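Asker: Pasted the sequence and its predicted model underneath.
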Amino acid sequence: MDDEVKSVVKTRRVLAYILSLCKPYPFEIGICFLGAVCGTFFDLIQARYLKDVVDQALAGDRRGFQMAVAAIVVILLAGCAFRYAIKYFSGHLGIRIVQDIRRQLAYRIGRLPSSYLDNAHSGDIVARLNNDVGSIAGFAEWQLVNLIYSPLVIIGVMSYLLIFNWKLLLASMILLPAAMFASRKLGKAISKYAIQLQRSFADYNAVIQDATAGIVTVKAFRLEPVLFAKMQRVTERIRDLQRKTDWRCLFIAPVSMVLQVAPQMSCVLYGGYLTTTGQLTPGELLTFTYLLGFVTGPLSGLPSLIVNVRVTLESAKRVVELVDEPEERSGGDVYVLQDGAAPVRFDGVRFAYEDRELVLHDFEAELKANAMTAIVGPSGCGKSTVVKLLCGFDERYEGSISLFGGELKRWDMKEARAQIAIVSQFSYLFPASVHDNIAYGNLSATREEVVEAARMANADGFIQAWPDGYETIVGERGASLSGGQRQRIAIARALLKNAPILVLDEPTSALDAQAEAEVQAVLEQLVRSRTVLVIAHRLSTIREADEIIVMAEGKVADRGTHLELMARNVWYRDMCRRQQAGTEVGEAV
Ligand SMILES: Nc1ncnc2c1ncn2[C@@H]1O[C@H](COP(=O)(O)OP(=O)(O)OP(=O)(O)O)[C@@H](O)[C@H]1O
């Protein structure tokens, strides 16, 4: 598909999406439409009485004059009521539509596969949620009404004027095609830069996000100049685009003026001639000019409207991209562990990220019930990928992963994840209280159960020592806690979940010796009589495992107990010796 066809397909999809957003609000749309029809009708009637006011006054008919003035006042009030209704309901419609988009996106983000989130920049997602939805919100609240009202008014009034005096209408509109052409060109040029400007704001968001999320690294490595240069490049680009947009926007005012004034001037000149030759009464000329204002008013706003529509369509495209991202699958079966069966089995699992090389090659493993299985191997051999697949974070693998005897791809994903509690290297803590962070493991847990989980994770002591105890706010990503405290709170959360399988993905590898010892003591208690899968570099974590799988380049290179592997596996023995000597894990098996 070439780019132009793709763009048409995309625009159609965006329009279909916008229609789907309007669908739940037939009442509001109906009222706006009815209000626009009635408003136009009242404008026309009012103009008819305006003609009477002038012509009766010139003819000296006092009663006729008074009647026409009274009629205009009544019609004016009715017209105001309709305009108020349109404004109210279209504003209301805009707010509800934007609220629906926000709700829909919040729901979607929660259902996006983690493979999408791995590859997307969070700054870009935030920009779609903020800038793009914000631009749609601005349009929906302030411009949507013009899209409904203006075409109706223009068509209604132009049709009336055509019948009223087609020659005068033609003369008034003589410059219109040129002005329309200019406004279209101008609108296109401005929107091109306005759209680029919006994308640059997304880049700016991404840089800020990197700066805040990586602030410690930035400071530690004195990367401020690098970050500053990056920010400067983005801000300079924003400034350039802003300048280009503003410079072109300066032309909007003259073009708008031509669109507004030219028809009025032509009308007055040619209408004046018709009046002097007796082909038009002064009242008719005034009525015509007055009604023409209803056409030229919206027309003068055309250049800005074109820019707004284009920018909003672009924002809507970016929102639709997010809405159309395939969701994680839902629904499926639930299985129960049969006697003697393995809670988890990997059979000939082959997996690659996107279009990269295979990370797992025919990976085979079995987690025995109530036993601890450890996976070790050099960095990058695919250990965390095994955990990712087991948790259903990516399903693009070949082969089979079974959970309690049921094929993982056939499990109901939520239920499958309910069987697994995970503690990872960098467990995420939310900027909420310690209590809530632990309670996220099981939302129906009582306070006593939360405290009990903290006690088992050896976290209760330091939590109670804080002035606010369990109500202490931990800060974003647990910023106000030590590494060991963070991990023990994460362990408490995993324990509260009380899932039959516990996965420990290098829970101590980011900790210093002291914190590691604290967490290790907790883990040693926990792994007894549970089904545990532990990914670890640290000998202390894996020595007690019932089975240790040695991985190399995505395959199982060896398996056995610590003593068996020490006796026959060179890489394992080297790793253990290096650790005993206080060095880190080696690189090759
Ligand atoms: N989201 C991703 N997209 C693309 N490639 C990835 C992704 N995550 C991991 N990889 C690649 O897959 C390979 C295996 O990564 P994985 O994290 O499973 O290794 P690991 O054995 O856990 O490493 P470590 O011990 O260093 O944590 C690596 O080459 C890595 O670069």
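Answerer: Now that the structure is in, tell me what you want to look at.
Asker: Flag every residue of the stretch 101-250 of the chain that's near the ligand.
Answerer: Asp118 (CB under 6 Å from any ligand atom). For glycine as for every other residue, the C-beta is placed from the backbone atoms N, C-alpha and C.
Asker: Give the residue spans of the stretch 401-550 of the chain that score low on pLDDT.
Answerer: 476-480, 509-515, 518-519, 525-529 (pLDDT under 70).
Asker: swap in the chain?
Answerer: Within the chain, the stretches with pLDDT under 70 are 1-4, 337, 339-340, 476-480, 509-515, 518-519, 525-529, 582-589.
Asker: what about the strands in it?
Answerer: Along the chain, the segments classed as strands by DSSP state E run 344-352, 358-367, 372-376, 398-403, 406-407, 420-424, 501-505, 531-535, 547-552, 555-560.
Asker: Including mean neighbour count and distance to Asn437, could the ones you listed go into a markdown table?
Answerer: A markdown table is the format used below for the strands of the chain (neighbours: other CB atoms under 10 Å; distance: least, CB to CB, whole Å):
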| stretch | mean neighbour count | distance to Asn437 |
| --- | --- | --- |
| strand 344-352 | 18 | 27 |
| strand 358-367 | 19 | 28 |
| strand 372-376 | 25 | 26 |
| strand 398-403 | 18 | 27 |
| strand 406-407 | 16 | 31 |
| strand 420-424 | 22 | 13 |
| strand 501-505 | 23 | 18 |
| strand 531-535 | 24 | 22 |
| strand 547-552 | 22 | 32 |
| strand 555-560 | 18 | 36 |
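Asker: could you dump those to CSV with distance to Lys219?
Answerer: Shown next, in CSV, are the strands of the chain (distance: least, CB to CB, whole Å):
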stretch, distance to Lys219
strand 344-352, 37
strand 358-367, 33
strand 372-376, 34
strand 398-403, 42
strand 406-407, 48
strand 420-424, 25
strand 501-505, 28
strand 531-535, 30
strand 547-552, 36
strand 555-560, 40
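Asker: and of the ones you listed, who's closest to the ligand?
Answerer: With CB to the nearest ligand atom as the measure, strand 358-367 is the member of the strands of the chain nearest the ligand (4.3 Å).
Asker: Put together TSV for the strands of the chain, with distance to the ligand on each row.
Answerer: Shown next, in TSV, are the strands of the chain (distance: least, CB to the nearest ligand atom, whole Å):
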stretch	distance to the ligand
strand 344-352	9
strand 358-367	4
strand 372-376	8
strand 398-403	15
strand 406-407	22
strand 420-424	10
strand 501-505	8
strand 531-535	7
strand 547-552	7
strand 555-560	12
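Asker: Those: which one's closest to Arg108?
Answerer: Arg108 lies closest to strand 420-424 among those, at 23.5 Å (CB to CB).
Asker: residue contacts, Val14?
Answerer: Applying CB atoms under 8 Å, 6 or more residues apart in numbering to Val14 gives the contacts 313, 316-317, 320.
Asker: how close does the closest residue in space to Arg530 that isn't next to it in sequence get to Leu367?
Answerer: Of all residues not flanking Arg530 in the chain, Leu502 sits nearest, at 5.4 Å (CB to CB, 6 or more residues apart in numbering). Taking CB to CB, to the nearest Å as the measure, Leu502 falls 10 Å from Leu367.
Asker: So which elements touch the lengthiest helix in the chain?
Answerer: Secondary structure of the chain per DSSP state H: the longest helix is helix 62-111. If contacts are counted by 3 or more CB pairs under 8 Å, 6 or more residues apart in numbering; DSSP states H and E, helix 62-111 sits against helix 3-22, helix 26-59, helix 133-142, helix 144-172, helix 302-324.
Asker: Turn those into a markdown table, including distance to His361.
Answerer: Shown next, in a markdown table, are the helices and strands packed on helix 62-111 (distance: least, CB to CB, whole Å):
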| stretch | distance to His361 |
| --- | --- |
| helix 3-22 | 36 |
| helix 26-59 | 57 |
| helix 133-142 | 43 |
| helix 144-172 | 55 |
| helix 302-324 | 33 |
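Asker: Of the ones you listed, which is nearest Asp203?
Answerer: helix 302-324 (13.2 Å).
Asker: which strands and helices sit next to that closest one?
Answerer: helix 3-22, helix 62-111, helix 133-142, helix 144-172, helix 176-213, helix 252-276.
Asker: Looking at the stretch 151-300 of the chain, which residue is nearest the ligand?
Answerer: For the stretch 151-300 of the chain, CB to the nearest ligand atom, closest residue to the ligand: Ala213, 17.0 Å.
Asker: brain fart, the stretch 51-200 of the chain
Answerer: For the stretch 51-200 of the chain, CB to the nearest ligand atom, closest residue to the ligand: Asp118, 3.9 Å.
Asker: got a list of what the closest residue to Leu112 other than its chain neighbours touches?
Answerer: Distances taken as CB to CB, 6+ apart put Glu325 closest to Leu112, at 5.7 Å, once the chain neighbours are dropped. With contact set as CB under 8 Å, 6+ apart, Glu325 has these partners: 108, 112, 116.
Asker: Check Arg237 too.
Answerer: Counting by CB under 8 Å, 6+ apart, Arg237 touches 200, 203.
Asker: Val255 too?
Answerer: By CB under 8 Å, 6+ apart, the contact set of Val255 is 179, 182-183, 186, 303.
Asker: Quick check, central residue of the protein?
Answerer: Residue closest to the average C-alpha location in the chain (CA atoms, centre = their mean): Leu129, at 4.0 Å.
Asker: Val323 versus that one, what's the distance?
Answerer: For Leu129, the distance to Val323 - CB to CB - is 12 Å.
Asker: anything in contact with each of these two?
Answerer: The overlap between the contact sets of Leu129 and Val323 (CB under 8 Å, 6+ apart) consists of Leu105.
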